[in-house]
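A.B. asks: Show me how the following folds:
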Amino acid sequence: MKYSFDTSAFINPWRNLYPIKVFPSLWGELDRLMNQGDLVATEMVLHELEHKDDELLQYMRQRDFIFIAVDEEQLESVAEILGLFPRFARADATREVADVFVVALAQKHNLVVVSDEQLPRRGKVKIPEVCSQFGVECVTFLAFLGDIGLVL
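C.D. replies: All right, here's what the predicted structure looks like:
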């Protein structure tokens, strides 16, 4: 199985749940998956991470090979997604712009999306809803850990 990580799948574990200082073996396993090419992210995730210059950003910059550049094929998928979910990406947004690219990358490369976003509140469109509409599997970070057989 190969995975397309959303920004929340890096931020929430790193900052809130499984900090590297407490769970180094978890981050070692993520490194292994990154090095194998089984854990990737759109370059737009890195751009979102750049909004806060912290240890997570430095960690991810050292693993910049996982970030896949947006290409024409992904842009076609982005257009298709926004055709059905025009509020999924706001034109005036300066943050949270990666979501549509996360789904597009997964759709085009048959990847499982890993995101800690919850189903939407009224009026908001979130990754799990869009993935469901486009037949893209979406799991939380905790479910991802189960998928890869990692027991903490």
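
A.B. asks: Which residues does whatever helix or strand residue 32 lives in contact?
C.D. replies: In this structure, residue 32 sits in helix 24-36 according to DSSP states H and E. The contact list for helix 24-36, computed with Cβ atoms under 8 Å, 6 or more residues apart in numbering, reads 3, 13, 18, 20, 39-40, 59, 63, 65-66, 145, 148, 150, 152. Every C-beta, even on glycine, is put in place using the N, C-alpha and C of the backbone.

A.B. asks: So which of these are in helices?
C.D. replies: Counting by DSSP state H, the contacts of helix 24-36 place 59, 145 in helices.

A.B. asks: circling back: list the buried ones in the helix holding residue 32?
C.D. replies: Neighbour-count burial for helix 24-36, counted by 16 or more other Cβ atoms under 10 Å, picks out 26-27, 29-30, 33-34.

A.B. asks: what stretches of the protein score poorly on pLDDT?
C.D. replies: The chain contains residues with pLDDT under 70 at 90-96, 119-123, 151-152.

A.B. asks: if we can go back for a sec, nearest to residue 74 among the buried residues of helix 24-36?
C.D. replies: residue 34 (19.7 Å; Cβ to Cβ).

A.B. asks: Many thanks, I have nothing further to ask.
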